[in-house]
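1. One predicted model, sequence on top.
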Amino acid sequence: MENWHRIHYDWRFATQHDKLPDVLVPGSWKQHILLQMLSTFVGSTGWIWQLRFQFRGMSTADATLTTWGKVTQAKVRGTYGVVDVDVGMRDDAGVESSPGSAVLVLPLRQGPALPYPFDPACLGG
């Protein structure tokens, strides 16, 4: 999704017209970065099954943003591992702007590979 609103690239418009502190980081970019973090975590053998997050705060272009993830539960369903993760993105002041959660599916050691494309039916019940 492309977002060509001027608040994302036109400093004068963002700061003078919309009274923002700076140009803003697009939400679609934040979404991409959260997905990239999870994709790196699951590697080429896992699957990002679900991702939910919210845009709760604006991030300016000069901010240093850090994504984070914390495993909250790991379980076995069928012959695969299912991992629940809290995720988010914080700025350099520690302000959380995009909290959320994800469900990841991973193969078990010595278990079968995940089907591609991923089919939730492979998890059973």
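-> Nice, I can see it.
2. for the residue at minimal distance from the centre of the chain, phi and psi?
-> Nearest to the mean C-alpha position of the chain, counting by Cα atoms, centre = their mean, stands residue 34 at 2.4 Å. Dihedral angles of residue 34 (phi, psi; degrees, to the nearest 10) stand at phi -60, psi -40.
3. how close does it get to residue 55?
-> As judged by Cβ to Cβ, to the nearest Å, residue 34 and residue 55 stand 11 Å apart. In this view, the C-beta of every residue, glycine as well, is placed from N, C-alpha and C.
4. list residues touching both of those two?
-> Counting by Cβ atoms under 8 Å, 6 or more residues apart in numbering, the common neighbours of residue 34 and residue 55 are residue 98.
5. Would you quantify the distance from the closest residue to residue 49 other than its chain neighbours to residue 37?
-> With Cβ to Cβ, 6 or more residues apart in numbering as the criterion, residue 49 has its nearest non-adjacent residue at 4.6 Å, and that residue is residue 103. Distance, residue 103 to residue 37, by Cβ to Cβ: 15 Å.
6. pLDDT below threshold where in this structure?
-> Within the chain, the stretches with pLDDT under 70 are 1, 125.
7. could you pull out the strands for it?
-> 47-53, 66-77, 80-90, 100-107 (DSSP state E).
8. Cool, thanks, talk later.
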